[in-house]
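Chemist: predicted model and sequence below, questions to follow.
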Amino acid sequence: MIIPQSEFEGPDGAFTVLDVGGTTLRTGSYDPATATVSRVRRVPVEGMVRHPRDSVAGLQERVVDQIVHEIDQHAGAAAPRAVGVAFAGPISAGGLVLAAPTVWGRRGDPLPLGRLLTERVGAPVVVANDLTAAAWRYAATETEPFCLLTVSSGIGNKVFRAGEVLLDADGHGGELGHWVCDPSPTAPLCDCGGRGHLGAIASGRGALAAARRAADADPVGFARSRLAALCDGRADAVDNPAIAAAVREGDAFTTEVLRGTLTHLAQAVGAVFTSIGVCRYIVIGGFALAVGERYRELLVAELVRLGCFGLDADAVDALVSLGSPDDDHGLIGVGRLLAHRMALPAPAGAR
């Protein structure tokens, strides 16, 4: 079906867009004429981090209520004409959230987020996976197929090729964070309840757990590190901002911890490259971008060490780049996706 432009444009021509991650919910206005966002508001997500004892069903209700509240707050007296939601989890073509490990943990029942929001907001709503949305941001400037990687509360990826994000109608695909890369019985637990998943090892949360383990295992090395100085010498005070700062400042202890989490991520990138030949990898996500260029350098070094079939070190270095240093990827991307769906027939598969 063709979605009429009049159904999507608010009175000022802007869209109401939201990005719901494992830690933060962002709301803003997207201007399709300039491809920019404004009036961005950030609040903590009412998920398992804030309510660890709630059931999955209870957390789902909290998050839906919060999204509706944020839409109402953003719109004020004028009801939104259309809403785009980028959400952290695999999502079907019909807006069914199949899982959200970083938001409500274990799988639980699928959540018909698109339908629930449409009913409660009283406006057309498009729901997409957050990284699918972010891929649409970069599709506007990338001329070749690319793989978008996010390293934040969890890990995800999406491949954009031939004008489409490669997913099936049930939302399968782009979930490298749930690849079982460590099958050992003592491997770290993932937020989804699985063990040894890439996201449990190489995400921001995975790096934090690794740093705390390293501090406990090597108290002397930790005490001498810049990380300890940033955390008043307390292993239990280590957090992701301190890890990112210590790596940026060249701290050997913290850099080795991070390097250890990147081996499996480099293997995953290498597998995507060798299997489908995508030669462009854009890294985003709060944790990776907080570390910055040093993160890219460490990932490239692991790729070179492991080897990418047919590529020399210079070619491997050219594979990987950092995305824009902001946290507007999902907001801009879901705005672009709304604009795309205004002008084109609605797709048969998931977005």
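Modeler: Perfect, thanks for sending it. Keep in mind that this is a model prediction, so the values were computed, not measured. Numbering: from 1, shown residues only.
Chemist: give me the element the residue positioned nearest the centre of the chain is part of.
Modeler: In the chain, the C-alpha nearest the mean C-alpha coordinate belongs to residue 150, at 4.7 Å (Cα atoms, centre = their mean). If you go by DSSP states H and E, residue 150 is part of strand 146-151.
Chemist: packing partners of that strand?
Modeler: Applying 3 or more Cβ pairs under 8 Å, 6 or more residues apart in numbering; DSSP states H and E, we find strand 146-151 packed against helix 130-139, strand 155-161, helix 252-276, strand 281-284, helix 286-291. Where you see a C-beta, it was placed from the backbone N, CA and C, and this is true even at glycine.
Chemist: can you say which of the ones you listed is packed in most?
Modeler: Greatest average neighbour count among the helices and strands packed on strand 146-151 goes to helix 130-139 (a mean of 27), per mean count of other Cβ atoms under 10 Å.
Chemist: show residues contacting that helix.
Modeler: 19-21, 84, 86-88, 91, 146, 148, 150, 156-158, 160, 163, 165, 167, 174, 282, 284, 323, 329-330, 332-334, 336-337, 340, 350-351 (Cβ atoms under 8 Å, 6 or more residues apart in numbering).
Chemist: can I get the buried part of the residues you listed as one ChimeraX selection?
Modeler: Command for ChimeraX that selects the buried part of the contacts of helix 130-139, burial taken from 16 or more other Cβ atoms under 10 Å:
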select :19,20,21,84,86,87,88,91,146,148,150,156,157,158,160,165,167,174,282,284,323,329,330,332,333,334,336,337,340,350,351
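Chemist: restricted to helices, list the contacts of helix 130-139.
Modeler: Counting by DSSP state H, the contacts of helix 130-139 place 329, 330, 332, 333, 334, 336, 337, 340 in helices.
Chemist: farthest-separated two in those residues?
Modeler: Comparing all pairs in the ones in helices among the contacts of helix 130-139 by Cβ to Cβ, the longest separation belongs to 329 and 340, at 16.0 Å.
Chemist: quick one, grab the pLDDT at residue 351.
Modeler: Note for residue 351: predicted pLDDT of 41.
Chemist: repeat for residue 11
Modeler: 42.
Chemist: same question for the one 3 residues further on.
Modeler: At residue 14, the predicted lDDT confidence score is 80.
Chemist: what's the closest non-adjacent residue to it?
Modeler: The spatially closest residue to residue 14, leaving aside those adjacent along the chain, is residue 29, at 4.1 Å (Cβ to Cβ, 6 or more residues apart in numbering).
Chemist: so which elements touch the helix or strand containing that neighbour?
Modeler: Counting by DSSP H and E, the element that carries residue 29 is strand 24-31. Other elements packing on strand 24-31 under the criterion 3+ Cβ pairs under 8 Å, 6+ apart are strand 15-20, strand 36-44, helix 56-75, helix 329-343.
Chemist: of all the helices and strands packed on strand 146-151, which one is nearest residue 235?
Modeler: Across the helices and strands packed on strand 146-151, closest to residue 235 is helix 252-276 (Cβ to Cβ), at 11.7 Å.
Chemist: for the closest one, packing partners?
Modeler: Contacts defined by 3+ Cβ pairs under 8 Å, 6+ apart place helix 252-276 against strand 146-151, strand 155-161, helix 198-202, helix 204-217, helix 226-230, helix 240-248, strand 281-284, helix 293-306.
Chemist: and if we set it to 6 Å?
Modeler: Counting by 3 or more Cβ pairs under 6 Å, 6 or more residues apart in numbering; DSSP states H and E, the packing neighbours recorded for helix 252-276 are helix 198-202, helix 204-217, helix 240-248, helix 293-306.
Chemist: hmm, who's touching it?
Modeler: Contact partners of helix 252-276, identified using Cβ atoms under 6 Å, 6 or more residues apart in numbering, comprise 147, 176, 181, 198, 201-202, 206-207, 210-211, 214, 221, 225, 227, 243, 246-247, 278, 281, 298-299, 302-303, 306, 308-309.
Chemist: same check, this time on stretch 89-107
Modeler: Contacts for stretch 89-107 (Cβ under 6 Å, 6+ apart): 22, 47-48, 56, 59-60, 88, 110-114, 127, 129, 153-154, 169-171, 191-193, 349-350.
Chemist: related to what we said a few turns ago, output the helices and strands packed on helix 252-276 as TSV; include the columns mean pLDDT.
Modeler: Below are those laid out as TSV (pLDDT from 0 to 100):
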stretch	mean pLDDT
helix 198-202	95
helix 204-217	96
helix 240-248	98
helix 293-306	97
